[in-house]
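Give the three-dimensional model of this entry:
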Amino acid sequence: MWKNIVKSFLALALAFSAASGSAYAETALTGAGATFPHPLYSKWFRDYQAVDSGVTFSYDAQGSGEGIRRILAREVDFGASDKFLSDEELNKAPGKLLHIPTVMGAVAVTYHLPGIGSGLKLTPQALAGIYLGKVTKWNDPLIAKANGKLKLPAEEIVVVHRSDASGTTSIFTDYLSAVNASWAKNIGRGTTVAWPAGIGAKGSNSVVKKIEETPYSIGYVEIAYALENELDTAALKNQAGKFVKPTMLSTRAAAVQGMKKLKVKEGSEPDYRLSLVNQPGKDAYPVVGLTWLLVYRDQQDPVKGRKLVEFLTWQLKKAEKMTSTLHYTPLPDTWSGQVENTIRSIVAPQQ
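Residues are numbered from 1 along each chain as shown. Presented below is the predicted three-dimensional model:
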């Protein structure tokens, strides 16, 4: 009899434990969006589960455009974008949508030039000319003039761009618009544009693959993708007239200048929607962007809302120390208090 009672008790205890563990592990936070920060976010999500094993993350890296679409439709708990939303887009949201800046990164111009290797230099005029379809050969005078020591081939340039709605494209076209009047007037900036030349590839990984497989090609990807795949990257001529490679230091130099534009009025929330391209300073790399997590201030689910705030606070205070190993640049210390206040403004309903 006692054996049966003990067995029943153990069975109930195990069932209760399993049910409790299952319930505890079922706080699943879903997100979608940018491929630009995907390598870093993936690490954050893995590492955070050692802090709170009751949270799981599902992130669909389908580009900033998709992240914006899904968060506006409330299909995910957070969106991720390298393009900030306009006032018009924010007004269409079904609630107050916050831009929470996470890190900064450089968009690298990558290329595949057999027999040349690293060392390519590009001026704004040359790069815009390539993507406008006006500079079509690698030995074009606009390229050759800045690369006197390189024996550039008389080969057609294979131009590669993103085919999906991409925050990386938004940063890249923001730069081209800033440095080339023709691009600004006829093409403009955005997550998608009417490309005058080139072939499209969906996602950063596809751009990397296309560059690797295609001799005499040129493309653009977030610096982490270029370095992880050992792609050659061009030095770009910046506003100060210096040719600069994309590095953490050159990214930070650009960010320091650009973030001077952050205005905080007393009694109002900071507006983190900043462009960091083509900044002054001899050490500044010219194609740099912020990336944001898009989160509703008024959460609908009490548990998810609380868990999301806890994760966002953790990444702000702890996770930025991980950025350097994946080639991202953390936010400046002067921003920490302001961003933390923004995170604290998120409201989860009472259970």
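
Could I get the full set of helices for the stretch 51-200 of the chain?
Taking DSSP state H, counting those that start in this stretch, the helices of the stretch 51-200 of the chain run over residues 64-72, 87-92, 124-132, 141-144, 167-179, 181-186.

how about those in JSON lines, adding distance to Arg46 and mean neighbour count?
Bear in mind the C-beta positions are built from the backbone N, C-alpha and C, glycine included. Conversion of the helices of the stretch 51-200 of the chain to JSON lines gives the following (distance: least, C-beta to C-beta, whole Å; neighbours: other C-beta atoms under 10 Å):
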{"stretch": "helix 64-72", "distance to Arg46": "20", "mean neighbour count": "24"}
{"stretch": "helix 87-92", "distance to Arg46": "31", "mean neighbour count": "10"}
{"stretch": "helix 124-132", "distance to Arg46": "36", "mean neighbour count": "22"}
{"stretch": "helix 141-144", "distance to Arg46": "42", "mean neighbour count": "16"}
{"stretch": "helix 167-179", "distance to Arg46": "22", "mean neighbour count": "25"}
{"stretch": "helix 181-186", "distance to Arg46": "39", "mean neighbour count": "14"}
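
Make CSV out of those helices and add mean pLDDT and distance to Thr35.
What follows is the helices of the stretch 51-200 of the chain, written out as CSV (pLDDT from 0 to 100; distance: least, C-beta to C-beta, whole Å):
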stretch, mean pLDDT, distance to Thr35
helix 64-72, 95, 8
helix 87-92, 94, 20
helix 124-132, 98, 20
helix 141-144, 97, 28
helix 167-179, 97, 7
helix 181-186, 97, 23
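
out of the ones you listed, nearest to Val193?
helix 167-179 (5.5 Å; C-beta to C-beta).

tell me what the closest one is packed against?
The contact analysis (3 or more C-beta pairs under 8 Å, 6 or more residues apart in numbering; DSSP states H and E) places helix 167-179 against helix 64-72, strand 97-112, helix 124-132, strand 158-162, helix 181-186, strand 217-222, strand 288-296.

Which residues does the shortest one contact?
Translated: strand 158-162. Residues outside strand 158-162 that contact it (C-beta atoms under 8 Å, 6 or more residues apart in numbering): 63, 130-131, 133, 168-169, 195, 197-204, 207, 210-211, 214-220.

Buried subset of the residues you listed as a ChimeraX selection?
Burial among the contacts of strand 158-162 is assessed by 16 or more other C-beta atoms under 10 Å; the matching ChimeraX selection reads:
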select :63,130,131,168,169,195,197,198,201,203,204,207,210,211,216,217,218,219,220
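
picking that back up, go through the helices and strands packed on helix 167-179 and name the closest to Leu90.
If we rank these by C-beta to C-beta, the stretch that ends up nearest is strand 97-112, at 5.8 Å.

quick one: whatever helix or strand Val256 lives in to chain centroid distance?
Element membership for Val256 (DSSP states H and E) is helix 248-258. Between the centre of helix 248-258 and the centre of its chain there are 16 Å (C-alpha atoms, centre = their mean, to the nearest Å).

For that helix, list the C-alpha coordinates in PDB.
Extracted C-alpha coordinates of helix 248-258, given in PDB (Å, rounded to 0.1, in the frame of the first residue of the first chain):
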ATOM      1  CA  MET A 248      35.800  49.400 -35.000                       C
ATOM      2  CA  LEU A 249      37.900  52.500 -34.600                       C
ATOM      3  CA  SER A 250      36.800  54.200 -37.800                       C
ATOM      4  CA  THR A 251      33.200  53.300 -37.000                       C
ATOM      5  CA  ARG A 252      33.500  54.800 -33.600                       C
ATOM      6  CA  ALA A 253      35.100  58.000 -35.100                       C
ATOM      7  CA  ALA A 254      32.100  58.400 -37.400                       C
ATOM      8  CA  ALA A 255      29.700  57.700 -34.600                       C
ATOM      9  CA  VAL A 256      31.200  60.300 -32.200                       C
ATOM     10  CA  GLN A 257      30.700  63.000 -34.800                       C
ATOM     11  CA  GLY A 258      27.200  61.900 -35.800                       C
END
